[in-house]
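Student: Need coordinates for the following:
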Amino acid sequence: MLHALYNSVMNLAQHPRAGFWLGAVSFAESSVFPIPPDAMLIPMALARPDQAWRLATICTVCSVLGGILGYALGYFLFELLAQPILAAYGYADALLRFEDWFQRWGAAVILVKGLTPIPFKIVTIAAGAAKMSFPVFLATSLVTRAARFFLLAALIRRFGPGVKDFIERRLVLVTSGAAALVVLGFLALRYV
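Tutor: Residues are numbered from 1 along each chain as shown. Here you go, the predicted structure:
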């Protein structure tokens with residue numbers, strides 16, 4: 001089922017209203033949908049490298065807006081809606097770990113995890129369930145989602161079609177490297 005859903009998302013990248021669908025997938029992935037917008041962003045940016053920044057902007061804005069919905073689900077409707085959604089995707093245990101991490105590290109969790117391939121819906125719902133400060137949640141979501149999508153757009157603009165296989169095979173490495181840079185930045189600010 002997940003493979004068929006992935007193929008459907010890939011087909012939307014070819015749709016005449018692909019920008020709209022990219023925004024819809026970006027929004028939904030941050031709260032309830034299992035397929036990340038990268039599945040559309042990469043082929044769309046490869047097809048039109050001159051539009052890569054616009055596409056990254058669509059992903060960023062819609063992902064943050066969808067994250068607000070995920071936060072609201074966790075904050076107001078955790079037991080009624082959020083918990084069953086996460087359980088359906090097999091993320092119930094991950095949510096408990098994130099809630100503990102939010103209590104310990106706060107905004108740093110969103111900055112690091114928002115860059116990685118970990119489904120952003122877990123981060124947004126857990127932030128709401130942990131009653132994280134909404135302004136802090138919003139600011140860190142904007143920073144981390146922009147970093148993720150603009151990094152992909154920059155790689156595609158710089159390296160073109162050859163980067164598609166690299167990104168798809170090593171997305172964890174690329175985004176983990178970006179997350180490591182964020183952590184190093186925090187450490188530098190704190191200790192330097």
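Student: and Tyr71, how far is that from Asp50?
Tutor: Separation of Tyr71 from Asp50 (CB to CB, to the nearest Å) stands at 34 Å. (Glycine included, C-beta is placed from N, CA and C.)
Student: Ala87 too?
Tutor: In this view, Ala87 and Asp50 are 43 Å apart by CB to CB.
Student: So the two - more neighbours on which side?
Tutor: Ala87 (12 against 8; other CB atoms under 10 Å).
Student: Mind telling me what element that one is part of?
Tutor: Per DSSP states H and E: Ala87 is located in helix 83-88.
Student: residues making contact with that helix?
Tutor: The contact list for helix 83-88 (CB atoms under 8 Å, 6 or more residues apart in numbering) reads 32, 73, 92, 94-95, 121-122, 125.
Student: ok, and the most crowded of those residues?
Tutor: Highest count within those by other CB under 10 Å belongs to Ile125, 33 neighbours.
Student: Check the burial of the closest residue to Asp38 other than its chain neighbours by counting its neighbours.
Tutor: With CB to CB, 6 or more residues apart in numbering as the measure, Leu152 is the residue that lies nearest to Asp38, at 6.4 Å, once sequence neighbours are left out. Neighbours of Leu152 under the rule other CB under 10 Å: 25.
Student: list the contacts for Leu152?
Tutor: Contact analysis of Leu152 by CB under 8 Å, 6+ apart lists 38, 41-42, 45, 56, 167.
Student: Go through the residues you listed and name the one nearest Phe134.
Tutor: Ala56 (24.4 Å; CB to CB).
Student: Now name the helix or strand holding that closest one.
Tutor: Going by DSSP H and E, Ala56 is in helix 52-76.
Student: Could you name the helices and strands sitting against that helix?
Tutor: The elements that helix 52-76 packs onto, with contact taken as 3 or more CB pairs under 8 Å, 6 or more residues apart in numbering; DSSP states H and E, are helix 18-29, helix 38-47, helix 120-129, helix 134-159.
Student: Identify the residue spatially nearest to the residue nearest to the spatial centre of the chain, adjacent ones excluded.
Tutor: The residue at the geometric middle of the chain, judged as the C-alpha nearest the mean C-alpha position with CA atoms, centre = their mean, is Phe120 (4.5 Å). The spatial neighbour of Phe120 that comes closest, neighbours along the chain excluded (CB to CB, 6+ apart), is Ser30 at 4.9 Å.
Student: give the contact list for the residue lying closest to Gln103 once chain neighbours are set aside.
Tutor: Spatial nearest neighbour of Gln103, chain neighbours left out: Ala130 (6.5 Å); criterion: CB to CB, 6+ apart. Shown here is Ala130, whose contacts under the criterion CB under 8 Å, 6+ apart are 74, 98-99, 102-103.
Student: quick one: low-confidence parts of this structure?
Tutor: Applying pLDDT under 70 to the chain picks out residues 1-13, 115-118, 164-192.
Student: how far away is Ala154 from Leu80?
Tutor: When CB to CB is the yardstick, Ala154 and Leu80 sit 40 Å from each other.
Student: Perfect, that will be all.
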